[in-house]
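Peer 1: Structure, please.
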Amino acid sequence: MNKYLDAYYRVSTRGQKTEGHSLESQRKISEQLADRLGLILRSHDEGAKSSTLKNTKGQNVRDELDEIKSGIEDGEVRNIWIVETSRLFRTRLEHITFESLYLEKYGCQMWVGDSSEPWKFGKKEEVNLLYAFQQIMDENESRKIRRRSIRGKRHLLENHSDDVPIFLGGTPTFGYRNENKRWVIDKEESKWVKWMFREYADGMQTIEIKNQLDSNGIPPRRTRTGLWNVGTIQKMLGNESYTGLKRWFDKDSEKEYVYQIPQIISVSLYRKVKKRLQQNQRISDNNKKHFGLLDGLLECCCGLRMSSTSKKRPSGKTTETYFCVSKSRKWRGEDLDDCNNQKSCERSLTDKAVVKLVKSVVKDSVSLKEQFKSEVLATKIADDEEIKIQKKSLEDKVRRNHKSLENTVHNIAKIEIERIQGRKDPKVVDLILKGLEDEKEHYEREYQRFVQEIEDLDERKQWLDWLSQYGDFINRKTSTPKKTREWLEGLITKVIVSPEFEEDRDGKQIQYGHNITVQFKMKIVGDKLEYKDTSEKSSGYEIKTGRNKKKSGVLDISAPVGKPKKKQVNSGADSNCPIRSNQLLWSSSDWTITRANEYSNFLFFEVSKRFNYLQPEQNPTRYSENQFQIYRLINSLHQRGIGYRRIAYFLNDRKITTHGGSKWGTQYVYSVLKRYREREERIKLRNKKYPLQRGQMWIEFTK
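Peer 2: Model (predicted):
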């Protein structure tokens, strides 16, 4: 028994810091016990941290408890104190594991509360039984408190959220305050919230926002120093609640509740700020000291951004590349899928390829020339005014959509209660719920459409601003790297880099190049000018919009690996220098070129290759578009867990017939899924590629 008493302090929430067994009261009890036992107190303050908090690997995030465990294994900790058993763990299994692997194994003693008698593990069965019983009681009490809290929140949201903005507890978001369990806008704080969003949207940095708030004495919610944190500001700027839409997810029922609270900022301003946050997050790299023309614009086909690097080799040469960040993020412990883009891209070649592709599209775009000539220079002010009117109309639609979505969620909750209490026929309830779920999906799709339209208007305004600012020649816009960067930002949204593969002689897929897909902000790819009357062009013309994506062919922009090999020079026909032909290595001392009609040694081998598509396909266009749409509908319903009989009833109810015009039955529904699966397997087998098969080699003395 050593001379130290290691006391472990913890509370579950910030509110418990000053209630019940607060951290201060725990510290006093441990000091009194240490004096009675004649031991020196060593504190391990975990603070306000939940016992259920997990990291990305599913492990508890409790540093002080881990320090105690390490001390037990090293022999430095032999006496432990806790105020109650629930301060260590919440489940009986975790308690028993800790008791077996640490306390019993290393002969440690543990004191609980203000008792001077330690727990005697492994000696008295009744003591261990009492300890296990206490663990079960603590665990049950914790679950009871949590269930009561969740049940209360669920009741408030299902019955009152459509009338009042319910406050569910915790610390109110900056800009709001809790008034009689209701969300209420704080007039003074909300002014600063609006200011933060407006300034950030106009280009102010978060560090500048922090300095401005600190200098004006605006207190944040939770910092001890009374100063703002940059991370807190970024989280606030990404908080959707300021638009008046609040979400709460119930993990037990896996249901999301959506309800309205007072609105501080518009949806348009929120989307604009969020877009800039995402862009800054893509290009943020504090250690980067070089300029990458396409930083923040390049995206890998796996969905992750591509970063740039500049490394000086021992030979003195500098290697500059773009690469996918998936490997580095997986190395840090993130759970990501493997990326097929295995080769990095040489920066200079990639920059040239992208700029060349964008230039070709801009030069050929009829829309750009027409807009620059007529709309941008003459009617920019009118366009800006029109955009403001359209955005205001869309904001009103979003608010009405919020209300409709909230009412639908409320009705779903009511019907669920009716089913639980058995007041209605389950079949009727299922039909009603299905209709309400379809209505909810409709409102959610409508909300996404409105948001997309608002973003399109903002994009259009940015586009018009760019055109008015950069109305010069394309070559002047790309005269310097900085100007080229600004020109690209005004034109494109992102550039997606994808790998290109081919089979080697062993049938293995190897990457031999890349292709790039440029996504423009407007549909200018392949746009056309069509005259109303080609014989009389003065009658006018129309501009046909094109696409907003342009894909390149296969590009050789891969960064070289290793040192370049030195070329061997063939000094003459009589030398013994190897000659490579068709992957076979020959030596002139062993083999000689013979004249026709002369006997000599020849090397023979057979090559075979299998093809599955040589025979003509029977009825290649028989599977119509209508059949494919019906299959997609049936497969979607089946994936949601709906049986064949209910799918048939669904199709017949909507007067959808089979390909032959008959009503649907379970056998027809099953047949559609089965035949489509067989068709896909047949097409896959037909298009399957096989490697070359080489036979054994032999030598023959012949002509």
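Peer 1: so who does the residue lying closest to residue 246 once chain neighbours are set aside touch?
Peer 2: Nearest residue to residue 246 in three dimensions, chain neighbours excluded: residue 261, at 4.8 Å (CB to CB, 6 or more residues apart in numbering). Placement of C-beta: from N, CA and C, glycine included. By CB atoms under 8 Å, 6 or more residues apart in numbering, the contact set of residue 261 is 165, 176, 183, 241, 244-246.
Peer 1: now the residues you listed: which count as buried?
Peer 2: By neighbour count, with 16 or more other CB atoms under 10 Å, the contacts of residue 261 hold 165, 176, 183, 241, 244-246 as buried.
Peer 1: mind putting those residues in a markdown table, pLDDT and distance to residue 692 included?
Peer 2: Output for these, formatted as a markdown table (pLDDT from 0 to 100; distance: CB to CB, whole Å):
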| residue | pLDDT | distance to residue 692 |
| --- | --- | --- |
| 165 | 86 | 70 |
| 176 | 92 | 69 |
| 183 | 91 | 70 |
| 241 | 89 | 62 |
| 244 | 88 | 65 |
| 245 | 86 | 60 |
| 246 | 86 | 63 |
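Peer 1: Quick check: the farthest pair among those?
Peer 2: Maximum pairwise distance in the buried ones among the contacts of residue 261, criterion CB to CB, is 13.7 Å, between 176 and 245.
Peer 1: coming back round to it: using CSV, lay out the buried ones among the contacts of residue 261 together with distance to residue 83.
Peer 2: As requested, these are arranged in CSV below (distance: CB to CB, whole Å):
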residue, distance to residue 83
165, 38
176, 35
183, 35
241, 36
244, 43
245, 42
246, 36
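Peer 1: ok, those vs residue 547, which is closest?
Peer 2: Nearest to residue 547 among the buried ones among the contacts of residue 261, with distances taken as CB to CB, is residue 245, at 33.0 Å.
Peer 1: Might one say that the closest one is in contact with residue 258?
Peer 2: Yes: applying CB atoms under 8 Å as the test, residue 245 and residue 258 come out as touching, 6.7 Å apart.
Peer 1: before we move on, the earlier item: so which of the buried ones among the contacts of residue 261 sit within strands?
Peer 2: Of the positions in those, 176, 183, 245-246 sit in strands, assigned by DSSP state E.
Peer 1: Out of those, which is nearest to residue 48?
Peer 2: Taking CB to CB as the measure, residue 176 is the one of those closest to residue 48, at 21.9 Å.
Peer 1: Which positions within stretch 505-513 qualify as buried?
Peer 2: residue 513.
Peer 1: model confidence over that stretch, on average?
Peer 2: The pLDDT scores in stretch 505-513 average 80.
Peer 1: quick one: it to chain centroid distance?
Peer 2: When distances are taken as CA atoms, centre = their mean, to the nearest Å, stretch 505-513 is centred 30 Å away from the chain's centroid.
Peer 1: same check, this time on stretch 145-155
Peer 2: 31 Å.
Peer 1: now do stretch 415-423
Peer 2: Between the centre of stretch 415-423 and the centre of its chain there are 37 Å (CA atoms, centre = their mean).
Peer 1: Just the residues contacting that stretch, thanks.
Peer 2: By CB under 8 Å, 6+ apart, stretch 415-423 touches 158, 424, 426, 429, 432-433, 436.
Peer 1: what about 6 Å?
Peer 2: Contacts to stretch 415-423, defined as CB atoms under 6 Å, 6 or more residues apart in numbering, come from residues 424, 429, 432-433.
Peer 1: same question, stretch 239-257
Peer 2: Stretch 239-257 is contacted from outside by 157, 173, 258-261, 263-265, 267, 270, 402, using CB under 6 Å, 6+ apart.
Peer 1: Compute the distance between residue 547 and residue 300, please.
Peer 2: With the distance defined as CB to CB, to the nearest Å, residue 547 ends up 22 Å from residue 300.
Peer 1: lowest confidence element among the helices and strands of this structure?
Peer 2: strand 579-581 (a mean of 34; mean pLDDT, DSSP states H and E).
Peer 1: Show me where the stretch 101-250 of the chain has its helices.
Peer 2: Taking DSSP state H, counting those that start in this stretch to define them, one finds helices in the stretch 101-250 of the chain at 125-160, 187-201, 206-215, 230-237.
Peer 1: now the stretch 51-200 of the chain, which segments are flagged as low pLDDT?
Peer 2: By pLDDT under 70, the low-scoring segments of the stretch 51-200 of the chain are 51-61, 90-93, 119-139.
Peer 1: next one: the stretch 451-600 of the chain
Peer 2: In the stretch 451-600 of the chain, residues with pLDDT under 70: 456-476, 537, 560-599.
Peer 1: again, 80 this time
Peer 2: Scanning the stretch 451-600 of the chain with the threshold set as pLDDT under 80 gives 451-479, 487, 490, 504-507, 529, 531-541, 556-600.
Peer 1: As a check, name the ranges of all strands in it.
Peer 2: Secondary structure of the stretch 451-600 of the chain, counting by DSSP state E, counting those that start in this stretch: strands at 492-503, 509-520, 528-531, 541-544, 549-551, 579-581, 584-586, 600-604.
Peer 1: Throw those strands into CSV and include distance to residue 394, thanks.
Peer 2: As requested, the strands of the stretch 451-600 of the chain are exported to CSV (distance: least, CB to CB, whole Å):
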stretch, distance to residue 394
strand 492-503, 21
strand 509-520, 23
strand 528-531, 30
strand 541-544, 25
strand 549-551, 25
strand 579-581, 66
strand 584-586, 69
strand 600-604, 75
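Peer 1: Out of these, the one nearest residue 203 is which?
Peer 2: strand 492-503 (18.7 Å).
Peer 1: Report the backbone C-alpha coordinates of that closest one in CSV.
Peer 2: Extracted as CSV, the C-alpha positions of strand 492-503 are listed here (Å, rounded to 0.1, in the frame of the first residue of the first chain):
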residue,chain,number,x,y,z
ILE,A,492,-16.0,27.3,-62.7
THR,A,493,-17.2,25.6,-59.6
LYS,A,494,-14.8,22.6,-59.4
VAL,A,495,-12.6,20.3,-61.4
ILE,A,496,-13.0,16.6,-60.9
VAL,A,497,-10.0,14.4,-61.6
SER,A,498,-10.6,10.7,-62.4
PRO,A,499,-8.2,7.8,-63.2
GLU,A,500,-8.1,5.9,-66.5
PHE,A,501,-7.3,2.2,-66.4
GLU,A,502,-6.3,-0.5,-68.8
GLU,A,503,-5.3,-4.2,-68.5
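Peer 1: So which elements touch that strand?
Peer 2: For strand 492-503, the elements it packs on are strand 298-300, strand 509-520, judged by 3 or more CB pairs under 6 Å, 6 or more residues apart in numbering; DSSP states H and E.
Peer 1: quick one: secondary structure of residue 402?
Peer 2: Classification of residue 402 by DSSP: H, G, I helix; E, B strand; the rest coil places it in helix.
Peer 1: same deal with the one 5 residues further on?
Peer 2: For residue 407, the assignment made with three-state DSSP gives helix.
Peer 1: Tell me, what's the model's pLDDT at it?
Peer 2: Per-residue confidence at residue 407 stands at 81 (pLDDT).
Peer 1: separation between it and residue 443?
Peer 2: Taking CB to CB, one finds residue 407 at 9 Å from residue 443.
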